[in-house]
Every structure is written in C-alpha cells, then in structure tokens.
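**Student:** Have a look; sequence and predicted model below, questions after that.
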Amino acid sequence: MMESALVGIVPRKNLWEIIKKERWYHIPVQSAPRNLPQVRYIAFYFPKVFGEELCYKVIYYGRVIGMEKKKRIELFPDETQHPRQGLDYYQIHLDRIEELPRPIPSRRWRRIVHIPTTLRRLYTAEEINDLYETSPIEEKMYRALRRRNINPERQFYVRVNNQYYCLDFCIFCKKANIDLECDGERYHILPESLTRDRLRNNELTSYGWYVLRFIGNEIRTKLNNCLRTIIRTINTLDGLQEKDTPYQQEGTPDF
C-alpha cells in the first residue's frame, strides 16, 4: 500500500472522456513531477466545470501500465492550432479506472496541479491535504497543526503581482493569511536561495501576507516553540477563518 501515486487535475470534460474510454492521461514533460517514473497509480481531481457531483474531489484512480513521450499534436491531432502542439508530453497508459472507497474532498474548493502521494494515502485520506507526501519536517508540522485544530492548505498556490508562489502551508485567518514555510537547512543557506526567499517574503508581505519560516532543526527539536509563534500570530489576526470558507484563486499556473 506504500506504492507511489500521483493526483493530477482533469481540466476539461473531454479529457475525462479520453481517460475513461482510452485509459491514458498526459502531463507536460517540462512540468512533470520528478518522481513520475516511480509513480504506479494516477488519481484524478476535478475542477468546478464538472459540477457538484465531481468538482473539487478525488474519486477515481487507475494503475499505471506504461508511459511514453509524445508531441502534443500526436495526442490531440485535431488541435492543430494549439500553442503547445509541438511540446513534449508524457502519455501515461492506465489499467481500468476504479473508484476509491470514499471521495477525498477539498475543504476550500481549491485548484491543484499535481499532488505526490501514495496508494495508502488515497485509501485513507479524509481530505485533500492528507494526500501530500512531502518532507519529514513538513509532515511533522502538518500533524502538529492538525492536533491543535489548525487546518492548513498544503502546497497552496497564490498569485501576487502577476507572480505565482507555492506556499508550504497557507493558514487562513480573519484579518489576513499566513504563509508558513518549513525550510531544509542545506537548501536555504545557499546565497541565491536566501536572496530568492527574501524577495519572495517581501513581495508577499507587501500584499498583506504574514510570512513565518522555520528551519528543520527548529521543527525537529523545538516544535512547541514554533507552534506558540504560529498560534500567537493567528490570535493577532483575530483567529482562524471558518474552515469551509472558499478561497477564490485568481487563475492557476499554466502547467
């Protein structure tokens, strides 16, 4: 049950018909997750266009039985004017499409790109954020927040000044929202990373976000101190929003 899986979005109804009838899914090579060669199952997330029965849920999945690289025009020969017709895509061939034991909903009707996960999580997750298979420090932080009835959104894309940022955790509060980042020690001490993080923090802060960053060692050895800082910030912002309040995102990154 620990086999690697991936949740991908189905942006249009005609693509769902292809997945069901022809049993293949496609992902652009340039934005494919690095672990794609190890993925053994693909599950599907549906946006608003699919209506109340399917939208903002993961309900179906299929076992991967093969994968090959093709130009987009080979996959969709009728779409000759598509701007990405000459780009490379992975065509992922699937066994039969099956239904999960129970749907996995999104509390905030959010958009997603790809969610790295496992077959076990597909069978046990209660909501979208339970699916993410991320770093040990992020998982430790997520479990600690949930135990304190703080329900963050994981790997959450926000658009600020025409720039998309992927937040490790987004915590929705009544006065403003919190970007909570869990930094690995090695990556974030590099000069270029520090510069990029500083510019990112400044941009988010200038648009009303509260940015909190903790390094791995803090999370591993001083987790309660981290949580006190988070809770104090939540209280400063008049507490948490209602957990089912939708978040209206401005578009989604073009992956």
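**Tutor:** Yes, it's here.

**Student:** following the helix or strand hosting residue 203, which helix or strand shows up next?
**Tutor:** Per DSSP states H and E: residue 203 is located in helix 191-206. Next along the chain after helix 191-206, taking DSSP H and E as the criterion, comes strand 210-215.

**Student:** contacting residues around that following strand?
**Tutor:** For strand 210-215, contacts defined as C-beta atoms under 8 Å, 6 or more residues apart in numbering pick out 141, 176-185, 188, 197, 201, 204-205, 226, 229-230, 233, 237. C-beta: built from backbone N, CA, C; applies to glycine.

**Student:** just for the stretch 51-200 of the chain, where's the confidence low?
**Tutor:** 185-191 (pLDDT under 70).

**Student:** Apply 80 and report the result again.
**Tutor:** Scanning the stretch 51-200 of the chain for pLDDT under 80 picks out the ranges 109, 111, 185-193.

**Student:** quick revisit: give me the buried entries from the contacts of strand 210-215.
**Tutor:** Buried members of those, scored by 16 or more other C-beta atoms under 10 Å, are 141, 177-183, 197, 201, 204, 226, 230, 233, 237.

**Student:** And the strands in the stretch 151-255 of the chain, which stretches?
**Tutor:** Under the criterion DSSP state E, counting those that start in this stretch, the stretch 151-255 of the chain contains strands at 153-160, 163-172, 177-183, 210-215.

**Student:** Which strands and helices lie in contact with the first one?
**Tutor:** In this structure, strand 153-160 makes packing contacts with strand 163-172, helix 191-206, judged by 3 or more C-beta pairs under 8 Å, 6 or more residues apart in numbering; DSSP states H and E.

**Student:** Mean neighbour count, these: which tops it?
**Tutor:** strand 163-172 (a mean of 18; mean count of other C-beta atoms under 10 Å).

**Student:** Could you spell out the sheet neighbours of that one, each with its direction?
**Tutor:** Strand pairing for strand 163-172, using DSSP bridges, gives strand 153-160 (antiparallel), strand 177-183 (antiparallel).

**Student:** got the angle for it vs strand 210-215?
**Tutor:** 90 degrees (axes from the mean of the first three to the mean of the last three C-alpha atoms, to 10 degrees).

**Student:** Let's have the strands of the stretch 151-255 of the chain in a markdown table, adding distance to residue 117.
**Tutor:** Shown next, in a markdown table, are those (distance: least, C-beta to C-beta, whole Å):
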| stretch | distance to residue 117 |
| --- | --- |
| strand 153-160 | 11 |
| strand 163-172 | 16 |
| strand 177-183 | 18 |
| strand 210-215 | 24 |
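
**Student:** In its sheet, which strands sit next to the helix or strand where residue 67 lies, and in what direction?
**Tutor:** Taking DSSP H and E as the definition, one finds residue 67 inside strand 57-71. Strand 57-71 sits in its sheet next to strand 41-45 (antiparallel), strand 88-105 (antiparallel), going by DSSP bridges.

**Student:** which one of those strands lies closest to residue 164?
**Tutor:** Closest of the strands paired with strand 57-71 to residue 164 is strand 41-45, at 18.0 Å (criterion: C-beta to C-beta).

**Student:** and the helix holding residue 203, how far from the chain's centre?
**Tutor:** Remark: helix 191-206 is offset 21 Å from the chain centroid, using C-alpha atoms, centre = their mean, to the nearest Å.

**Student:** what's it in contact with?
**Tutor:** Residues from elsewhere that reach helix 191-206, judged by C-beta under 8 Å, 6+ apart: 158, 160, 161, 163, 165, 179, 183, 187, 188, 211, 213.

**Student:** Perfect, I'm done here.
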